[in-house]
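Got a predicted model here, sequence first, then my questions.
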Number of protein chains: 2
Amino acid sequence: MTAARLAIMRAVSEGDHLDVEAIHRGVCERVGQVSLQAVYDSLNALQRGGLVRRIEPAGSPTRYETRVGDNHHHLVCRRCGKVTDVDCAVGHAPCLEPASDAGYLVDEADVIYWGLCPPCRAEAGGVPSDSARV
Amino acid sequence: MTAARLAIMRAVSEGDHLDVEAIHRGVCERVGQVSLQAVYDSLNALQRGGLVRRIEPAGSPTRYETRVGDNHHHLVCRRCGKVTDVDCAVGHAPCLEPASDAGYLVDEADVIYWGLCPPCRAEAGGVPSDSARV
DNA sequence: TCCTTTACTTGAATCATTCAAGTTTGCTGT
DNA sequence: ACAGCAAACTTGAATGATTCAAGTAAAGGA
(Lines give C-alpha, C1' and ligand atoms only; values in the text may rest on other atoms or scores of the structure.)
Protein backbone atom coordinates (compact mmCIF):
# COMPACT_ATOMS: atom_id res chain seq x y z
CA MET A 1 0.00 0.00 0.00
CA THR A 2 1.81 3.06 -1.31
CA ALA A 3 1.38 6.79 -0.96
CA ALA A 4 -0.27 6.96 -4.35
CA ARG A 5 -2.86 4.38 -3.38
CA LEU A 6 -3.57 6.04 -0.08
CA ALA A 7 -4.14 9.27 -1.97
CA ILE A 8 -6.54 7.45 -4.26
CA MET A 9 -8.47 6.11 -1.29
CA ARG A 10 -8.66 9.58 0.20
CA ALA A 11 -9.74 11.16 -3.06
CA VAL A 12 -12.46 8.57 -3.53
CA SER A 13 -13.72 8.74 0.03
CA GLU A 14 -13.74 12.53 0.18
CA GLY A 15 -15.19 12.90 -3.28
CA ASP A 16 -18.72 12.15 -4.30
CA HIS A 17 -18.82 9.24 -6.72
CA LEU A 18 -15.92 10.56 -8.76
CA ASP A 19 -14.89 9.22 -12.12
CA VAL A 20 -11.35 8.11 -12.88
CA GLU A 21 -10.28 11.41 -14.35
CA ALA A 22 -11.46 13.33 -11.29
CA ILE A 23 -9.74 10.87 -8.98
CA HIS A 24 -6.59 11.26 -11.00
CA ARG A 25 -6.74 15.03 -10.64
CA GLY A 26 -7.31 14.76 -6.90
CA VAL A 27 -4.40 12.40 -6.48
CA CYS A 28 -2.03 14.61 -8.45
CA GLU A 29 -2.98 17.59 -6.30
CA ARG A 30 -1.98 15.70 -3.19
CA VAL A 31 1.08 13.69 -4.12
CA GLY A 32 2.30 15.16 -7.39
CA GLN A 33 2.44 13.55 -10.78
CA VAL A 34 0.87 10.10 -10.98
CA SER A 35 0.04 8.48 -14.29
CA LEU A 36 -3.55 7.89 -15.26
CA GLN A 37 -2.80 4.23 -15.80
CA ALA A 38 -1.52 3.88 -12.27
CA VAL A 39 -4.88 5.19 -11.11
CA TYR A 40 -6.75 2.70 -13.30
CA ASP A 41 -4.52 -0.08 -12.11
CA SER A 42 -4.85 0.83 -8.45
CA LEU A 43 -8.60 1.26 -8.61
CA ASN A 44 -8.91 -2.21 -10.10
CA ALA A 45 -6.72 -3.60 -7.34
CA LEU A 46 -8.66 -1.77 -4.66
CA GLN A 47 -11.89 -3.04 -6.07
CA ARG A 48 -10.63 -6.61 -6.15
CA GLY A 49 -9.65 -6.14 -2.53
CA GLY A 50 -13.10 -4.87 -1.66
CA LEU A 51 -11.96 -1.40 -0.63
CA VAL A 52 -13.85 0.54 -3.26
CA ARG A 53 -17.03 -0.07 -5.16
CA ARG A 54 -17.50 0.53 -8.82
CA ILE A 55 -20.59 2.19 -10.24
CA GLU A 56 -21.09 1.94 -13.96
CA PRO A 57 -24.19 3.77 -15.11
CA ALA A 58 -25.01 3.16 -18.76
CA GLY A 59 -23.56 5.83 -21.00
CA SER A 60 -21.27 7.51 -18.51
CA PRO A 61 -17.78 6.76 -17.28
CA THR A 62 -17.21 4.49 -14.31
CA ARG A 63 -17.41 6.05 -10.87
CA TYR A 64 -16.08 4.91 -7.53
CA GLU A 65 -17.14 5.11 -3.91
CA THR A 66 -15.77 3.80 -0.62
CA ARG A 67 -19.09 2.75 0.85
CA VAL A 68 -18.77 -0.99 0.46
CA GLY A 69 -20.17 -4.06 2.10
CA ASP A 70 -23.69 -2.80 2.52
CA ASN A 71 -26.59 -3.25 0.20
CA HIS A 72 -27.29 0.22 -1.10
CA HIS A 73 -28.31 1.52 -4.48
CA HIS A 74 -27.99 4.64 -6.59
CA LEU A 75 -29.96 7.48 -8.04
CA VAL A 76 -28.46 8.72 -11.29
CA CYS A 77 -29.38 11.98 -12.97
CA ARG A 78 -30.10 11.55 -16.66
CA ARG A 79 -29.11 15.10 -17.37
CA CYS A 80 -25.93 15.83 -15.39
CA GLY A 81 -24.87 12.32 -14.40
CA LYS A 82 -24.78 13.01 -10.68
CA VAL A 83 -24.91 9.89 -8.50
CA THR A 84 -26.56 9.78 -5.09
CA ASP A 85 -26.73 6.91 -2.63
CA VAL A 86 -30.04 5.38 -1.62
CA ASP A 87 -30.56 2.76 1.01
CA CYS A 88 -32.11 -0.46 -0.08
CA ALA A 89 -35.86 -0.06 -0.36
CA VAL A 90 -36.90 -3.52 0.72
CA GLY A 91 -34.88 -5.01 3.57
CA HIS A 92 -32.54 -7.12 1.57
CA ALA A 93 -34.31 -10.27 0.52
CA PRO A 94 -35.88 -9.21 -2.80
CA CYS A 95 -32.88 -7.09 -3.65
CA LEU A 96 -30.52 -10.01 -3.62
CA GLU A 97 -32.86 -12.67 -4.86
CA PRO A 98 -34.97 -12.24 -7.95
CA ALA A 99 -38.49 -13.67 -8.15
CA SER A 100 -37.10 -16.56 -10.17
CA ASP A 101 -33.39 -17.02 -10.54
CA ALA A 102 -33.67 -19.15 -13.70
CA GLY A 103 -30.95 -21.39 -12.32
CA TYR A 104 -28.48 -18.57 -11.97
CA LEU A 105 -26.11 -18.37 -9.02
CA VAL A 106 -26.75 -14.73 -8.13
CA ASP A 107 -24.15 -12.86 -6.12
CA GLU A 108 -25.10 -9.25 -6.56
CA ALA A 109 -28.04 -7.04 -7.38
CA ASP A 110 -27.37 -3.78 -9.07
CA VAL A 111 -30.15 -1.23 -8.77
CA ILE A 112 -30.09 2.15 -10.47
CA TYR A 113 -32.92 4.65 -10.28
CA TRP A 114 -32.86 6.99 -13.25
CA GLY A 115 -34.28 10.47 -13.07
CA LEU A 116 -33.49 14.12 -12.64
CA CYS A 117 -31.62 15.53 -9.66
CA PRO A 118 -33.15 18.58 -7.95
CA PRO A 119 -31.11 21.24 -9.79
CA CYS A 120 -31.68 19.65 -13.19
CA ARG A 121 -35.31 19.14 -12.34
CA ALA A 122 -35.67 22.86 -11.67
CA GLU A 123 -33.96 23.73 -14.94
CA ALA A 124 -35.98 21.28 -16.96
CA GLY A 125 -39.17 22.17 -15.12
CA GLY A 126 -39.47 25.44 -17.02
CA VAL A 127 -39.96 23.52 -20.26
CA PRO A 128 -43.08 21.37 -19.91
CA SER A 129 -42.63 19.76 -23.30
CA ASP A 130 -39.37 18.29 -22.07
CA SER A 131 -40.65 16.81 -18.85
CA ALA A 132 -43.56 15.29 -20.76
CA ARG A 133 -41.14 12.62 -21.93
CA VAL A 134 -41.06 11.29 -18.37
CA MET B 1 -41.08 2.30 -41.43
CA THR B 2 -38.90 0.60 -44.00
CA ALA B 3 -38.04 -3.00 -44.82
CA ALA B 4 -34.73 -2.65 -43.02
CA ARG B 5 -36.41 -1.50 -39.84
CA LEU B 6 -38.99 -4.25 -39.97
CA ALA B 7 -36.15 -6.73 -40.33
CA ILE B 8 -34.49 -5.18 -37.28
CA MET B 9 -37.68 -5.56 -35.28
CA ARG B 10 -37.96 -9.19 -36.33
CA ALA B 11 -34.33 -9.93 -35.55
CA VAL B 12 -34.62 -8.37 -32.11
CA SER B 13 -37.90 -10.06 -31.26
CA GLU B 14 -36.81 -13.48 -32.47
CA GLY B 15 -33.37 -13.19 -30.92
CA ASP B 16 -32.53 -13.38 -27.26
CA HIS B 17 -31.19 -10.04 -26.06
CA LEU B 18 -28.93 -9.61 -29.07
CA ASP B 19 -26.22 -7.03 -29.35
CA VAL B 20 -25.98 -4.63 -32.27
CA GLU B 21 -23.56 -6.76 -34.22
CA ALA B 22 -25.79 -9.82 -33.97
CA ILE B 23 -28.83 -7.80 -34.99
CA HIS B 24 -26.90 -6.46 -37.94
CA ARG B 25 -26.00 -9.98 -39.04
CA GLY B 26 -29.61 -11.12 -38.71
CA VAL B 27 -30.87 -8.19 -40.72
CA CYS B 28 -28.37 -8.74 -43.51
CA GLU B 29 -29.41 -12.38 -43.76
CA ARG B 30 -33.00 -11.35 -44.32
CA VAL B 31 -32.85 -8.26 -46.50
CA GLY B 32 -29.32 -8.14 -47.87
CA GLN B 33 -26.63 -5.60 -47.21
CA VAL B 34 -27.51 -2.98 -44.61
CA SER B 35 -24.89 -0.75 -43.06
CA LEU B 36 -24.06 -1.10 -39.40
CA GLN B 37 -24.74 2.58 -38.90
CA ALA B 38 -28.24 2.18 -40.26
CA VAL B 39 -28.79 -0.45 -37.59
CA TYR B 40 -27.48 1.83 -34.87
CA ASP B 41 -29.58 4.66 -36.16
CA SER B 42 -32.72 2.58 -36.43
CA LEU B 43 -32.31 1.01 -33.01
CA ASN B 44 -32.02 4.47 -31.51
CA ALA B 45 -35.15 5.56 -33.33
CA LEU B 46 -37.03 2.43 -32.30
CA GLN B 47 -36.01 2.95 -28.72
CA ARG B 48 -37.13 6.57 -28.77
CA GLY B 49 -40.44 5.32 -30.12
CA GLY B 50 -40.71 2.77 -27.33
CA LEU B 51 -40.62 -0.27 -29.61
CA VAL B 52 -37.44 -1.78 -28.25
CA ARG B 53 -35.74 -1.68 -24.89
CA ARG B 54 -32.05 -1.19 -24.36
CA ILE B 55 -30.08 -3.24 -21.85
CA GLU B 56 -26.63 -1.99 -21.01
CA PRO B 57 -24.85 -4.27 -18.57
CA ALA B 58 -21.58 -2.84 -17.33
CA GLY B 59 -18.64 -4.03 -19.38
CA SER B 60 -20.50 -5.57 -22.29
CA PRO B 61 -22.02 -4.13 -25.44
CA THR B 62 -25.60 -2.88 -25.48
CA ARG B 63 -28.34 -5.44 -26.05
CA TYR B 64 -31.91 -5.05 -27.21
CA GLU B 65 -35.23 -6.72 -26.54
CA THR B 66 -38.81 -6.14 -27.66
CA ARG B 67 -40.43 -6.78 -24.31
CA VAL B 68 -41.31 -3.22 -23.39
CA GLY B 69 -43.80 -1.45 -21.21
CA ASP B 70 -43.66 -3.84 -18.32
CA ASN B 71 -41.52 -3.66 -15.26
CA HIS B 72 -39.15 -6.57 -15.60
CA HIS B 73 -35.50 -7.00 -14.80
CA HIS B 74 -32.49 -9.00 -15.93
CA LEU B 75 -30.14 -11.71 -14.84
CA VAL B 76 -26.71 -11.29 -16.41
CA CYS B 77 -24.04 -13.95 -16.42
CA ARG B 78 -20.67 -12.63 -15.33
CA ARG B 79 -18.88 -15.26 -17.33
CA CYS B 80 -20.61 -15.49 -20.71
CA GLY B 81 -22.70 -12.34 -20.69
CA LYS B 82 -26.01 -14.10 -21.29
CA VAL B 83 -29.07 -12.06 -20.35
CA THR B 84 -32.29 -13.59 -19.01
CA ASP B 85 -35.54 -11.87 -18.14
CA VAL B 86 -36.89 -11.90 -14.61
CA ASP B 87 -40.22 -10.57 -13.51
CA CYS B 88 -40.20 -7.87 -10.92
CA ALA B 89 -39.67 -9.36 -7.49
CA VAL B 90 -41.81 -6.99 -5.50
CA GLY B 91 -45.04 -5.89 -7.14
CA HIS B 92 -43.89 -2.61 -8.52
CA ALA B 93 -43.87 -0.07 -5.75
CA PRO B 94 -40.33 -0.41 -4.37
CA CYS B 95 -38.96 -1.06 -7.82
CA LEU B 96 -40.02 2.31 -9.11
CA GLU B 97 -39.63 4.30 -5.95
CA PRO B 98 -36.49 4.20 -3.85
CA ALA B 99 -36.67 4.40 -0.04
CA SER B 100 -35.72 8.05 -0.28
CA ASP B 101 -35.65 9.81 -3.63
CA ALA B 102 -33.36 12.61 -2.40
CA GLY B 103 -35.46 15.07 -4.38
CA TYR B 104 -34.94 13.25 -7.67
CA LEU B 105 -37.75 12.90 -10.17
CA VAL B 106 -37.40 9.17 -10.80
CA ASP B 107 -38.77 7.70 -14.00
CA GLU B 108 -37.15 4.32 -14.22
CA ALA B 109 -35.57 1.65 -12.08
CA ASP B 110 -32.91 -0.49 -13.63
CA VAL B 111 -32.28 -3.78 -11.85
CA ILE B 112 -29.57 -6.22 -12.85
CA TYR B 113 -28.86 -9.42 -10.99
CA TRP B 114 -25.28 -10.54 -11.53
CA GLY B 115 -24.29 -14.16 -11.31
CA LEU B 116 -23.52 -17.30 -13.24
CA CYS B 117 -25.94 -18.89 -15.67
CA PRO B 118 -26.53 -22.65 -15.31
CA PRO B 119 -23.98 -23.78 -17.94
CA CYS B 120 -21.25 -21.47 -16.64
CA ARG B 121 -22.13 -22.45 -13.10
CA ALA B 122 -21.55 -26.10 -13.98
CA GLU B 123 -18.22 -25.31 -15.60
CA ALA B 124 -17.03 -23.09 -12.77
CA GLY B 125 -18.41 -25.44 -10.14
CA GLY B 126 -15.50 -27.83 -10.62
CA VAL B 127 -13.13 -25.24 -9.23
CA PRO B 128 -14.18 -24.42 -5.66
CA SER B 129 -11.47 -21.78 -5.22
CA ASP B 130 -13.13 -19.77 -7.95
CA SER B 131 -16.61 -19.85 -6.54
CA ALA B 132 -15.23 -18.81 -3.16
CA ARG B 133 -15.00 -15.29 -4.53
CA VAL B 134 -18.78 -15.16 -4.49
C1' DT C 1 22.82 -7.96 -0.37
C1' DC C 2 20.37 -10.49 -3.85
C1' DC C 3 16.08 -11.77 -5.72
C1' DT C 4 11.25 -11.73 -6.57
C1' DT C 5 7.12 -9.30 -6.60
C1' DT C 6 4.45 -5.30 -6.78
C1' DA C 7 3.88 -0.63 -8.30
C1' DC C 8 4.45 2.67 -11.79
C1' DT C 9 5.56 4.92 -16.44
C1' DT C 10 5.05 5.75 -21.37
C1' DG C 11 3.04 4.63 -25.50
C1' DA C 12 0.05 2.19 -28.33
C1' DA C 13 -4.17 -0.49 -29.21
C1' DT C 14 -9.08 -1.73 -28.79
C1' DC C 15 -13.87 -1.46 -29.40
C1' DA C 16 -18.51 0.16 -29.22
C1' DT C 17 -20.60 4.02 -30.47
C1' DT C 18 -21.30 8.51 -32.50
C1' DC C 19 -20.46 12.33 -35.67
C1' DA C 20 -20.32 14.27 -40.27
C1' DA C 21 -21.54 14.90 -44.90
C1' DG C 22 -23.39 13.53 -48.79
C1' DT C 23 -26.87 10.47 -51.48
C1' DT C 24 -31.08 8.04 -52.08
C1' DT C 25 -35.76 7.14 -51.17
C1' DG C 26 -40.53 7.97 -50.56
C1' DC C 27 -44.25 10.81 -49.60
C1' DT C 28 -47.12 15.50 -49.77
C1' DG C 29 -49.30 19.13 -51.84
C1' DT C 30 -50.26 21.50 -56.02
C1' DA D 1 -46.80 14.25 -63.04
C1' DC D 2 -43.49 17.02 -60.51
C1' DA D 3 -41.02 20.06 -57.37
C1' DG D 4 -39.85 20.04 -52.63
C1' DC D 5 -38.83 18.07 -48.27
C1' DA D 6 -37.93 15.03 -44.57
C1' DA D 7 -36.54 10.59 -43.30
C1' DA D 8 -33.52 6.77 -44.14
C1' DC D 9 -29.20 5.04 -45.65
C1' DT D 10 -24.18 4.94 -47.01
C1' DT D 11 -19.22 5.58 -46.38
C1' DG D 12 -15.59 7.20 -43.75
C1' DA D 13 -13.62 9.26 -39.91
C1' DA D 14 -13.54 10.52 -34.98
C1' DT D 15 -14.22 9.93 -30.05
C1' DG D 16 -13.22 8.42 -25.54
C1' DA D 17 -12.92 5.31 -21.75
C1' DT D 18 -10.39 1.51 -20.86
C1' DT D 19 -6.96 -2.04 -21.46
C1' DC D 20 -2.73 -4.16 -23.20
C1' DA D 21 2.28 -4.30 -23.55
C1' DA D 22 6.88 -3.78 -22.18
C1' DG D 23 10.10 -1.85 -19.64
C1' DT D 24 11.77 0.67 -15.16
C1' DA D 25 11.68 1.59 -10.26
C1' DA D 26 10.85 0.54 -5.74
C1' DA D 27 9.96 -2.52 -1.78
C1' DG D 28 10.03 -6.58 1.07
C1' DG D 29 11.68 -11.35 2.20
C1' DA D 30 15.45 -14.65 2.64
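Received, thanks.

Please count neighbours and contacts with C-alpha atoms only from this point.
Fine.

Who does the longest strand belonging to chain A pair with, and is each partner parallel or antiparallel?
In terms of residue count, the longest strand belonging to chain A (DSSP state E) is strand A:105-116. Sheet neighbours of strand A:105-116, with direction, are listed as strand A:72-77 (parallel), strand B:105-116 (antiparallel) (DSSP bridges).

Report whether the following helix or strand past that strand contacts chain B.
Scanning forward in sequence from strand A:105-116, with DSSP states H and E defining helices and strands, the next element found is helix A:118-125. Yes - with C-alpha under 8 Å from any C-alpha of the partner chain as the threshold, helix A:118-125 lies in contact with chain B, specifically through A:118, A:121.

and helix A:118-125 with strand B:105-116, angle?
Interaxial angle of helix A:118-125 relative to strand B:105-116 (axes from the mean of the first three to the mean of the last three C-alpha atoms, to 10 degrees): 130 degrees.

quick one on the thing from earlier: residues contacting the longest strand of chain A, please?
Outside strand A:105-116, the residues that touch it by C-alpha atoms under 8 Å, 6 or more residues apart in numbering or on different chains are A:57, A:73-79, A:95-97, B:96, B:98, B:104-118, B:121, B:134.

Among these, name the buried ones.
A:57, A:73-78, A:95-97, B:96, B:98, B:104-106, B:108-117, B:121 (16 or more other C-alpha atoms under 10 Å in any protein chain shown).

Any idea what the residue nearest the centre of chain A is bridged to?
For chain A, the residue lying nearest the average C-alpha position, counting by C-alpha atoms, centre = their mean, turns out to be A:I55 (3.4 Å). Each beta-bridge partner of A:I55 is listed here: A:R63, as defined by DSSP bridges.

Quick check, it in contact with A:R67.
No - using C-alpha atoms under 8 Å, A:I55 and A:R67 do not qualify as a contacting pair, with a distance of 11.2 Å.

where in chain A is pLDDT low?
A:89-96, A:125-134 (pLDDT under 70).

for it, what spans make up the helices?
Taking DSSP state H as the criterion, chain A contains helices spanning A:3-14, A:20-31, A:36-48, A:93-96, A:118-125, A:128-131.

wait, does stretch A:37-48 contact DNA strand D?
Yes - judged by C-alpha under 7 Å from any atom of the strand, stretch A:37-48 comes into contact with DNA strand D through A:37, A:40, A:44.

residues contacting A:S42?
The contact partners of A:S42, taken as C-alpha under 8 Å, 6+ apart, are A:R5.

now the helices of chain A as a markdown table including distance to A:D85?
Converted to a markdown table, the helices of chain A look like this (distance: least, C-alpha to C-alpha, whole Å):
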| stretch | distance to A:D85 |
| --- | --- |
| helix A:3-14 | 13 |
| helix A:20-31 | 19 |
| helix A:36-48 | 18 |
| helix A:93-96 | 15 |
| helix A:118-125 | 14 |
| helix A:128-131 | 24 |
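
what's around A:T66, how many residues?
Residue neighbour count, defined by other C-alpha atoms under 10 Å in any protein chain shown, stands at 21 for A:T66.

pretty sure it is touching A:G50, no?
No - between A:T66 and A:G50 there is no contact under C-alpha under 8 Å: 9.1 Å.

Can you tell me what sits against stretch A:6-23?
Here stretch A:6-23 makes contact (C-alpha under 8 Å, 6+ apart) with A:24, A:26-27, A:30-31, A:36, A:39-40, A:43, A:52, A:61-66, A:83-84.

of all of chain A, which residue lies closest to DNA strand D?
Scanning chain A for the residue nearest DNA strand D gives A:T62, at 3.6 Å (criterion: C-alpha to the nearest atom of the strand).

Excluding sequence neighbours, find me the nearest residue to that residue.
Leaving aside its sequence neighbours, A:T62 sits nearest to A:E56 (C-alpha to C-alpha, 6 or more residues apart in numbering or on different chains; 4.7 Å).

What is the end-to-end distance of stretch A:60-71?
Length of stretch A:60-71, first residue to last, C-alpha to C-alpha, to the nearest Å: 22 Å.

ok, back up a step: of the residues of stretch A:37-48 next to DNA strand D, buried ones?
Neighbour-count burial within the residues of stretch A:37-48 next to DNA strand D applies to A:N44; the criterion is 16+ other C-alpha under 10 Å.

Right, I'll leave it there.
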